[in-house]
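> Kindly generate the corresponding structure for this input.
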Amino acid sequence: MNALTHRSPRPGDHPDALAGMRADVLHALATKPRRLPSKYFYDARGSALFERICGQPEYYLTRAELEIMRGHAGAIAQALGPDVLLVEYGSGSGMKTRLLLRHLHAPVAYVPVEIAHEALLDSIVALAKEFPHVEMLPVCADFTRPVALPRPRRAPRRTVVYFPGSTLGNFDAPEALRLLKQMRAEMGRDGAALVGIDLKKDRGTLEAAYNDAAGVTAEFTLNMLARFNRELGADFDLSAFRHRARWNALAGRIETHLVSTRAQAVCVAGHTFRFEADEAMLVEYSCKYSPGEFALLAARAGLQATRAWQDAGNRFSVQLLEAAPRS
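Reported below is the predicted structural model:
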């Protein structure tokens, strides 16, 4: 393979995913209070629904981040420097990545790490057409666990971990800290991380973003149960659960639940689980930060924000993180 081609995701990049899902879901349903892993939102339909969420008028996050990338991609690329190995966590459609790659000087390779196989393939095929001189090295894997990164043909000057879309906010503080430490290890001593974070703002704006009037976010949340029905042989009645997303001011996050609308029993992989009426299963956190709060979290991972870019409305921030000097 040369730099003008790209490879398919490696077989075994995400081994025995179905068994892992089964174990995760059975454990989550057997624990009280119940909390389902949000990574299982992203099958092919879930990924498509999320793209629709990004276009909803209430969902300001994508528009704000795209505003930053369109206005500052040149400055961001200059700060990252030439000959970068760009590693992206959860690549999705690649829209923001495209803006970054257009401005990077002689990027060595692009390594998207994405759990949704079809979304990964679609993204990499489109990017390879636009950037034929960038080596494409897709990895189908769960980025929340350490990944053995493929080695590009050309040696990079630095590795940059790109984590857009405020996805870091989907992890509580201990998990976010662990992920930042993982980034610190993967980028190496002279590397960097480019991370999107959603900034704190008024309750109305935040709750509307996760409860769009068209109901796309509710459809996206419920699709997780449809996936379990299809892939695990579960028998969730989707009409017996409803989506709920509320701002928890004390914790600084939106908390999204699937709420049972009646007493019921659900069978998953041969195991029966009983739900009370109004019993809620947590399916996602969406943590919001002030710049100061995020700086403190990054510092605990041995990182410091050396540059930051925000949209005109100060709703969103893209932070450039580098290794903090040792004291």
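> which residue sits farthest out from the middle of this protein?
Ala263 (32.9 Å; C-alpha atoms, centre = their mean).
> pretty sure Met187 contacts Val195?
No. Checked against C-beta atoms under 8 Å, the pair Met187 and Val195 is beyond contact range at 11.3 Å. Yep, even glycine has a C-beta here, placed from its N, CA and C like the rest.
> Same drill for these two, tell me which one is more crowded.
Val195 (27 against 21; other C-beta atoms under 10 Å).
> The more buried one belongs to a strand, doesn't it?
Yes. The assignment for Val195 is a strand, going by DSSP: H, G, I helix; E, B strand; the rest coil.
> ok, now which ones touch it?
Residues in contact with Val195, defined by C-beta atoms under 8 Å, 6 or more residues apart in numbering, are 163-164, 168, 183, 318-319, 321.
> redo that, cut-off 6 Å
Shown in contact with Val195 (C-beta atoms under 6 Å, 6 or more residues apart in numbering): 163, 168, 319.
> Show me where the stretch 151-300 of the chain has its strands.
158-163, 192-198, 241-248, 253-260, 264-268, 271-275, 280-287 (DSSP state E, counting those that start in this stretch).
> Show me the one of those that comes nearest Met69.
Of all the strands of the stretch 151-300 of the chain, strand 192-198 sits nearest to Met69, with 9.3 Å by C-beta to C-beta.
> Could you check the pLDDT of Leu149?
pLDDT, Leu149: 88.
> Name the helix or strand for it, please.
Per DSSP states H and E, Leu149 falls between elements, in no helix or strand.
> and it, what is it in contact with?
For Leu149, counting by C-beta under 6 Å, 6+ apart, the contacting residues are Val111.
> do that again at 10 Å, thanks
With contact set as C-beta atoms under 10 Å, 6 or more residues apart in numbering, Leu149 has these partners: 85, 87, 109, 111, 113, 137, 139, 159, 161, 186.
> Likewise for Glu219?
Contacts for Glu219 were tallied using C-beta under 10 Å, 6+ apart; they are 45-46, 49, 52-53, 212, 226, 238, 243.
> so where do the helices sit in the stretch 1-150 of the chain?
17-30, 44-54, 60-80, 95-103, 117-130 (DSSP state H, counting those that start in this stretch).
> before we move on, what about the stretch 201-327 of the chain?
For the stretch 201-327 of the chain, helices defined by DSSP H, counting those that start in this stretch occupy the ranges 203-209, 216-232, 291-300.
> Take those and write them to CSV, including mean pLDDT.
Formatted as CSV, the helices of the stretch 201-327 of the chain follow (pLDDT from 0 to 100):
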stretch, mean pLDDT
helix 203-209, 98
helix 216-232, 98
helix 291-300, 97
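> ranking these by burial, who's on top?
The highest mean neighbour count among these belongs to helix 216-232 (a mean of 20), with neighbours defined as mean count of other C-beta atoms under 10 Å.
> Poorly predicted segments of the chain, please.
Residue ranges of the chain with pLDDT under 70: 1-15, 92-93, 327.
> what residue lies at the spatial centre of it?
Central residue of the chain (C-alpha atoms, centre = their mean): Thr167, 3.8 Å from the mean position.
> nearest to Arg34, of the helices of the stretch 201-327 of the chain?
Ranking those by their distance to Arg34 (criterion: C-beta to C-beta) puts helix 216-232 first, at 12.4 Å.
> what's the burial count for Ala19?
There are 9 residues near Ala19, going by other C-beta under 10 Å.
> how much space between it and Ala269?
10 Å (C-beta to C-beta, to the nearest Å).
> Likewise for Ala48?
Ala48 is 26 Å from Ala269, by C-beta to C-beta.
> what does Met136 give?
36 Å.
> Please say which of those two ends up with more neighbours.
Neighbours around Met136 and Ala269, counted as other C-beta under 10 Å, are more numerous at Met136. The numbers are 23 against 15.
> distance of Ser47 from Glu114?
Distance from Ser47 to Glu114, by C-beta to C-beta: 9 Å.
> Over to Ala251?
Relative to Glu114, Ala251 is positioned 28 Å away (C-beta to C-beta).
> In terms of neighbours, single out the busier of the two.
Glu114 (28 against 13).
> Verify the stated contact: Asp190 with Arg184.
No. Applying C-beta atoms under 10 Å, one finds Asp190 not in contact with Arg184, separated by 11.9 Å.
> between those two, which one's more packed in?
Taking neighbours as other C-beta under 10 Å, Asp190 and Arg184 compare with Arg184 leading, 21 against 11.
> which ones are touching Leu65?
Quick fix: residue 65 reads Glu, not Leu. 54, 95-96, 99, 164-166, 196-198, 309, 311, 315-318.
> swap the cut-off to 8 Å and go again
So Glu65 contacts 96, 164-166, 196, 311, 316, 318 (C-beta under 8 Å, 6+ apart).
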